[in-house]
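Student: one predicted model, sequence on top.
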Amino acid sequence: MIVFEGWSRIIRQQVPAEAFVGRMLDMADLESRIARLEAESQIRQLVARYSFDIDDRRVDAVRALFADDAVLRSHDGVMQAVGVDAIMAQFDGRFAVLGPGHHVMHDIQIDFDGDDTARGRVSGHAELWRNGQMMVAAIRYADRYRKTGTGWKFAERVLGFLYYVPVDAYPGILGQRNRNHAYADPLPADFPEGSADWIAYELSQAAIA
């Protein structure tokens with residue numbers, strides 16, 4: 001603070017008041033932009049830790065990624081947990097049928113609603129040993145993030161599948177609608193056909209035809 005005040009006195013002596021105010025505003029804008037970049041970096045770290053920690057079964061580390069009142073659910077309705085204790089119990093249920101796995105996240109889109117909240121879309125793939133067979137999945141997360149006293153955490157994660165299939169069922173899988181084979185009866189994929197934008201586009205093309 002002393003160094004900053006010293007520089008500010010020098011600036012005031014060398015430039016007109018209007019220019020000095022402008023420089024202070026520029027400095028405040030720069031600080032805001034740096035803070036936003038730091039927040040984005042921390043959110044990206046949060047997303048990366050999620051994949052590493054669930055693959056390594058670092059359950060205490062996984063718990064620390066979520067806000068106390070966080071929500072973790074899936075579009076297919078199978079996952080639906082509110083509160084960090086329920087989330088961890090849900091993970092125990094999933095780990096019971098999963099062997100080694102490898103979650104890899106790709107594109108991450110982060111949109112800030114304010115200094116302490118943000119929304120994200122995350123795409124990824126997973127290789128999984130589930131119920132005694134090798135499976136592969138293409139996934140998306142719809143996230144909400146919240147800045148807490150101990151850093152950025154997940155306020156909500158909503159999981160969707162492009163496909164989730166045994167390896168031998170992978171060829172040609174995008175030609176089918178029921179691409180979620182995680183359970184006894186295949187379910188429709190969550191995206192893109194179920195998304196509002198996809199449906200609106202298809203309807204607009206049908207109207208043209």
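Tutor: That came through, no problem.
Student: next, Glu193: secondary structure please.
Tutor: coil (DSSP: H, G, I helix; E, B strand; the rest coil).
Student: what is the burial count for it?
Tutor: 13 (other C-beta atoms under 10 Å). Where you see a C-beta, it was placed from the backbone N, CA and C, and this is true even at glycine.
Student: ditto for Ser123
Tutor: Residues near Ser123, counting by other C-beta under 10 Å, number 16.
Student: the chain: helices as residue ranges?
Tutor: For the chain, the helices defined by DSSP state H occupy 2-14, 17-56, 59-63, 84-95, 196-208.
Student: mean pLDDT lowest where, among the ones you listed?
Tutor: Note on the helices of the chain: helix 2-14 shows the lowest mean pLDDT, a mean of 49.
Student: so for stretch 115-128, mean pLDDT?
Tutor: 97.
Student: from what I see, Leu65 and Ala48 are in contact.
Tutor: No - the pair Leu65 and Ala48 fails to qualify as a contact (C-beta atoms under 8 Å) at a distance of 10.5 Å.
Student: the two: who's more crowded?
Tutor: Leu65 (20 against 13).
Student: got the contact list for the more buried one?
Tutor: Residues in contact with Leu65 (C-beta atoms under 8 Å, 6 or more residues apart in numbering) are Leu46, Arg49, Tyr50, Asp53, Lys153, Phe154.
Student: count the residues that sit near the nearest residue to the last one once chain neighbours are set aside.
Tutor: The shortest distance from Phe154 to any residue other than its chain neighbours is 4.9 Å, reached at Phe66 (C-beta to C-beta, 6 or more residues apart in numbering). By the other C-beta under 10 Å criterion, the neighbourhood of Phe66 contains 23 residues.
Student: contacting residues around Phe66?
Tutor: Leu72, Val84, Ile87, Lys153, Phe154.
Student: of these, just say which sits nearest to Val167.
Tutor: Within those, the smallest distance to Val167 is 26.6 Å, found for Leu72 (C-beta to C-beta).
Student: check the gap between that closest one and Ile34 for me.
Tutor: Distance, Leu72 to Ile34, using C-beta to C-beta, to the nearest Å: 31 Å.
Student: which one's more surrounded, the two?
Tutor: Leu72 (22 against 10).
Student: am I right that the more buried one is in contact with Ile87?
Tutor: Yes - contact criterion C-beta under 8 Å: Leu72 and Ile87 qualify, at 4.6 Å.
Student: need the overlap of contacts for the two.
Tutor: By C-beta under 8 Å, 6+ apart, the residues touching both Leu72 and Ile87 are Phe66, Ala81.
Student: and the contacts of Leu65, which two are furthest apart?
Tutor: The widest separation within the contacts of Leu65 (C-beta to C-beta) is 13.0 Å, between Asp53 and Lys153.
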